[in-house]
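1. Need a 3D model of the sequence below.
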Amino acid sequence: MKDSLVLLGRVPAHPDSRCWFLAWNPAGTLLASCGGDRRIRIWGTEGDSWICKSVLSEGHQRTVRKVAWSPCGNYLASASFDATTCIWKKNQDDFECVTTLEGHENEVKSVAWAPSGNLLATCSRDKSVWVWEVDEEDEYECVSVLNSHTQDVKHVVWHPSQELLASASYDDTVKLYREEEDDWVCCATLEGHESTVWSLAFDPSGQRLASCSDDRTVRIWRQYLPGNEQVCLAGVACSGSDPSWKCICTLSGFHSRTIYDIAWCQLTGALATACGDDAIRVFQEDPNSDPQQPTFSLTAHLHQAHSQDVNCVAWNPKEPGLLASCSDDGEVAFWKYQRPEGL
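-> Numbering: from 1, shown residues only. Okay, the predicted model is just below:
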């Protein structure tokens, strides 16, 4: 199992500060990192080495917590503790901050683009989730402020093909939102975690959602559509036209500290976690398990992936098994995951 995750290289991405988050561009050729030094760095390859192509240092006054690429790959959004979100436009190898989104009362914790590229979501310590509309002139307008959570909202992520938004919070819940009659509404609340939910990831189909928590568990939630025969088989109550979500699997006993991030590979189905015990773990779904009660096997466990807390894991969208991670130690590491035989 130890040989299934091989180190390809490390870079000192944000020296003397934490590296908080990583995001691959849609082509899988560039990796954006952000950190406590208020900077964003863009990484690319030269030969077999990863080098810094650009440093974005003029946008934010405080820690940059999350970054996200637009589906077209021409824009990068950054969420900061200075309560703003910057939109950077890519011009060949240079990036220009073209818009700064304001309105949150304090730290912006996460930012995410909808698959269409026409919507952007942000969330904040102010307990709110904002949905922004992007027009053809690249103008951004807040079209909805959602106050469904009762505590700090840590993460937002969009469904891979639909305009369905999910958020994770310090209030131990996951919320799902969709547009209804020109406004956005909370259409589901997923309860089960016993402490802060830090991150979320949809599977490639969008029918399942993984969540990770301070309670040291990963939960897999499945969507059940009204009228679907699987609803009866799973004993799920569906009222009205909204889908219902049910926790169908809990991964517990694997992590010794808070799980800060989770990433579901869109190419292989592997599930990676970033943990406060300095480790990276990869899980693979057992192919013969019941879809209503799936089981996952731990297929890779690197105890000392970093010298401090691992904050983020990110699968490359084009190269199967290429995984990037970052840590409180300021480093970004690149790994190759080899799926064990028999899985």
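
2. Leaving out the residues flanking it, which one is nearest to residue 44?
-> Distance criterion Cβ to Cβ, 6 or more residues apart in numbering; nearest residue to residue 44, sequence neighbours excluded, is residue 53 at 4.6 Å. Bear in mind the C-beta positions are built from the backbone N, C-alpha and C, glycine included.

3. who does the helix or strand encompassing that neighbour pair up with?
-> For residue 53, the element it lies in under DSSP states H and E is strand 49-56. Here strand 49-56 has these sheet partners by DSSP bridges: strand 40-46 (antiparallel).

4. May I see the buried residues of the strand it pairs with?
-> 40, 41, 42, 43 (16 or more other Cβ atoms under 10 Å).

5. need the residues you listed in CSV with pLDDT, can you?
-> Below are those laid out as CSV (pLDDT from 0 to 100):
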residue, pLDDT
40, 97
41, 97
42, 97
43, 97
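
6. Check which residues of the strand holding residue 53 are buried.
-> Buried-residue list, strand 49-56, by 16+ other Cβ under 10 Å: 50, 53, 54, 56.

7. ok, residue 251 - contacts?
-> 217, 218, 219, 220, 283, 296 (Cβ atoms under 8 Å, 6 or more residues apart in numbering).

8. After the least confident helix or strand in the chain by mean pLDDT, which helix or strand is next? Please name it.
-> The least trusted helix or strand in the chain, going by mean pLDDT, DSSP states H and E, turns out to be helix 229-234, with a mean of 55. Using DSSP H and E, the next helix or strand after helix 229-234 towards the C-terminus is strand 244-251.

9. partners of that following strand in the sheet?
-> Partners of strand 244-251 in its sheet, by DSSP bridges: strand 218-224 (antiparallel).

10. So the residue nearest to residue 44 versus residue 178, what's the distance?
-> 37 Å (Cβ to Cβ, to the nearest Å).

11. again with residue 21
-> 26 Å.

12. can you check residue 259 too?
-> 27 Å.

13. Which one's more surrounded, those two?
-> residue 259 (26 against 16; other Cβ atoms under 10 Å).

14. Please name the nearest non-neighbouring residue to that one.
-> residue 212 (3.8 Å).

15. OK, contacts around the residue nearest to residue 279 when sequence neighbours are not counted?
-> In space, residue 279 comes closest to residue 303 once its chain neighbours are excluded; the distance is 5.2 Å by Cβ to Cβ, 6+ apart. By Cβ under 8 Å, 6+ apart, the residues touching residue 303 are 277, 278, 279.

16. Okay then, goodbye and thanks.
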